[in-house]
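Asker: Sequence and predicted structure are below.
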Amino acid sequence: MFDKLRNALKSFTNSIVSSIKTTELSEDKLSEVREELFMQLVEADVAVDVADAVCDAIINNLKGVKVPRFGDKESVIRNSILEALNRMFSDVPDVDFISEVTKALQVKKPVVLLFLGPNGYGKTTTIAKITHQLMKRGYTAVWAAADTYRAGAIEQLEGHANKLGVKVIKHSYGSDPAAVAYDAINHARVKGIDYVMIDTAGRMHTDVNLMNELSKVQRVSKPDLSIFIADALLGNEALDIAKYYSKYVKIDGLIITKVDAYPKGGAILTFLYELKKPIYFLGVGQGYDDLKPFNKREFFDQLLT
């Protein structure tokens, strides 16, 4: 995964190492290779403004770095780049999602999770994956079929629910999605169920009426976490949609889907930089176990090895 982004940083590191003539890096050479790095980052799907900021952070951190005349120059450069990335994204928290939502049960029950994002991004499958992760640990869940807008949405949710043995709370198509969420939460309270997963309609961000309806679902359900599902294959277009969603609903964090089919990787940097929200998981396949916890420090380490 993320081969293009990894190759951009590797190529940059190699260019720096091959240019070292003394124990200090030449500012002229740093300026020269900056442009090369910038272009490669943009080609790897990093948004232009973000690529510019990443380049500045890395170059500024490399200025004045002392390198050994005969030692391991590459490690020194790589560590400096890693330090720059960690500092640049230090305001983005890393959250262990499973630990977070299981700790929440000590305070209240049920814990309510609201899933947001347009159709086709993988909301329903992601709900099934997270439920599977929680059920493996002995927890229970009920699903709210709050997508009463798209034909077939309830049946799609029920298909996954039947495989996992989860109950779906549903109303008829065209009914109030906030009422579905409300009923699912009440059902969980009465039955002592741990989690409520609310599946919402995949509103196109340009539909103001539907976005207002989504805002109502959030007000009524008072979710403990509101999770935006982003499609990696859409790159920075998914970021624009997430930003628009955030005008109407609170977004606590993200899950990036279809990462297994996304070799570029740059949109991950863009999401982190622009939204300042944690990425909980990366979807890496269609199976219920194909959900990889995300940690930004580990992500940066992988990019530089």
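Answerer: Noted; the coordinates are in hand.

Asker: switch to C-alpha atoms for all contacts and neighbour counts from now on
Answerer: Noted.

Asker: tell me the domain boundaries of this structure?
Answerer: 3-88, 97-294 (automatic domain parsing).

Asker: What mean pLDDT does the longest one get?
Answerer: It refers to domain 97-294. Mean per-residue pLDDT for domain 97-294: 93.

Asker: Would you pull up how far it lies from the middle of the chain?
Answerer: Offset of domain 97-294 from its chain centre (Cα atoms, centre = their mean, to the nearest Å): 12 Å.

Asker: measure that domain end to end?
Answerer: The first residue of domain 97-294 is 9 Å away from its last residue (Cα to Cα, to the nearest Å).

Asker: which residues touch the residue lying closest to S175 once chain neighbours are set aside?
Answerer: With Cα to Cα, 6 or more residues apart in numbering as the measure, T148 is the residue that lies nearest to S175, at 6.2 Å, once sequence neighbours are left out. T148 makes contacts with I154, H171, S172, Y173, G174, S175, D176, P177, A201, as judged by Cα atoms under 8 Å, 6 or more residues apart in numbering.

Asker: most neighbours, which of those?
Answerer: P177 (28 neighbours; other Cα atoms under 10 Å).

Asker: unless I'm mixing things up, that residue is touching R150, no?
Answerer: No - P177 is beyond contact range of R150, at 11.7 Å (criterion: Cα atoms under 8 Å).

Asker: Now render the domains of the chain as CSV, adding distance to F300.
Answerer: Output for the domains of the chain, formatted as CSV (distance: least, Cα to Cα, whole Å):
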stretch, distance to F300
domain 3-88, 7
domain 97-294, 10
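
Asker: coming back round to it: among the contacts of T148, which one sits closest to L234?
Answerer: A201 (18.9 Å; Cα to Cα).

Asker: Start from the N-terminal end of the stretch 1-150 of the chain and give the strands.
Answerer: In the stretch 1-150 of the chain, the strands defined using DSSP state E, counting those that start in this stretch lie at 111-116, 141-146.

Asker: To Q302, which of the domains of the chain lies closest?
Answerer: Of all the domains of the chain, domain 3-88 comes closest under Cα to Cα, at 7.9 Å.

Asker: Centre of the chain to that closest one, how far?
Answerer: Distance of domain 3-88 from its chain centroid, counting by Cα atoms, centre = their mean, is 25 Å.

Asker: Stretch 282-302 now?
Answerer: 10 Å.

Asker: Regarding that stretch, how distant is the last residue from the first?
Answerer: 14 Å.

Asker: List the buried residues in that stretch.
Answerer: By 16 or more other Cα atoms under 10 Å, the buried positions in stretch 282-302 come out as L282, G283, V284, Y288, D290, L291, F294, N295, K296, R297, F300.

Asker: Same list, those residues, but as a markdown table with distance to I255 and secondary structure please.
Answerer: Shown next, in a markdown table, are these (distance: Cα to Cα, whole Å; DSSP: H, G, I helix; E, B strand; the rest coil):
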| residue | distance to I255 | secondary structure |
| --- | --- | --- |
| L282 | 6 | strand |
| G283 | 7 | strand |
| V284 | 11 | coil |
| Y288 | 14 | coil |
| D290 | 12 | coil |
| L291 | 9 | strand |
| F294 | 9 | coil |
| N295 | 12 | coil |
| K296 | 13 | helix |
| R297 | 17 | helix |
| F300 | 18 | helix |
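
Asker: tell me which of these is nearest to G138?
Answerer: Y288 (15.9 Å).

Asker: Can you tell me the closest non-neighbouring residue to that closest one?
Answerer: Nearest to Y288 is K129, by Cα to Cα, 6+ apart, at 4.5 Å.
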